[in-house]
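**Student:** got a sequence here, can you model it:
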Amino acid sequence: MYPLIEIKTIPIEIEMKVTHSKLEHTHGTADLEISRGEGGLSIRSRPIRLQLDTFEARNSITPTAVRSVEQYAQQGQQAAYSATATYAQQGQLLLNAKVGQELITQFAADAQPKPADVGLQFLPTTGPEIDWIPGELNIRYEMDKLNFDWRINQAQFEFTPGDIEISVKQQPDVIIKYVGGPLYVPPSADPDYQPVDVQA
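**Tutor:** As a prediction, this is how the structure comes out:
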């Protein structure tokens, strides 16, 4: 006798997608900018300076009007002082009650003309004033300069976490199928019915 029922099971179908975690590293970049600062050479020279002051030397030869007035005034004042002293000395001698030969001799000596002053002298009587400032030489040299400017971008890390995705592609199922023929009630109604022999 054959089975009348066929049972078929369909298992569940699951699809699973796994995304692994990853760490991405980006390299840092560096930019370099170079600039040049130019130096130079500078030379500054100052020659020697000679200063001559001939004012006093020229005044000793041909004095100015102001200087002439000062000199004449000084000479007059000196002559007045000398005459006053001479007259005072002579008056002091005259007060002496005894006027003798010595007093007359002294007066005669004072009355004698003095040697004439011919005014012989070396001109100019005063030399020029000489002053000088030493020369100066300054040399300044500055080398060229190189300036380095670094711009560094730091490295960056990017982390992507892992992921698990589960999807059901097929639901579980049970299929029951009847594979037998039709059932007749009573069994004798079956057109292919064959009586069963029962032997005693």
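**Student:** for this protein, which helix is longest?
**Tutor:** Using DSSP state H, we find that the single longest helix of the chain is helix 65-94.
**Student:** now that one: buried residues?
**Tutor:** Residues of helix 65-94 include none that count as buried (16 or more other Cβ atoms under 10 Å). Every C-beta, even on glycine, is put in place using the N, C-alpha and C of the backbone.
**Student:** check which helices and strands it sits against.
**Tutor:** Counting contacts by 3 or more Cβ pairs under 8 Å, 6 or more residues apart in numbering; DSSP states H and E, helix 65-94 is packed against helix 101-111.
**Student:** hmm, try it at 7 Å
**Tutor:** If contacts are counted by 3 or more Cβ pairs under 7 Å, 6 or more residues apart in numbering; DSSP states H and E, helix 65-94 sits against no helix or strand.
**Student:** how many residues are close by the residue nearest to Met16 when sequence neighbours are not counted?
**Tutor:** In space, and not counting its chain neighbours, Met16 is closest to Ile166: 5.0 Å by Cβ to Cβ, 6 or more residues apart in numbering. Neighbour count for Ile166, taken as other Cβ atoms under 10 Å: 9.
**Student:** offset the numbering so it begins at 415, please.
**Tutor:** Sure thing, new numbering starts at 415, so read that last one as Ile580.
**Student:** okay, and Ile580 sits in which element?
**Tutor:** In the assignment (DSSP states H and E), Ile580 maps to strand 577-584.
**Student:** report the distance from that strand to the chain centre.
**Tutor:** The chain centroid and the centroid of strand 577-584 are separated by 68 Å, computed with Cα atoms, centre = their mean, to the nearest Å.
**Student:** can you report phi and psi for Thr478?
**Tutor:** phi -70, psi 170 (degrees, to the nearest 10).
**Student:** again, but for Glu543
**Tutor:** Dihedral angles (degrees, to the nearest 10) for Glu543: phi -90, psi 120.
**Student:** state the number of residues packed around the residue lying closest to it once chain neighbours are set aside.
**Tutor:** Nearest non-adjacent residue to Glu543, counting by Cβ to Cβ, 6+ apart: Asp467, 4.0 Å away. Other residues near Asp467 number 10, with proximity taken as other Cβ under 10 Å.
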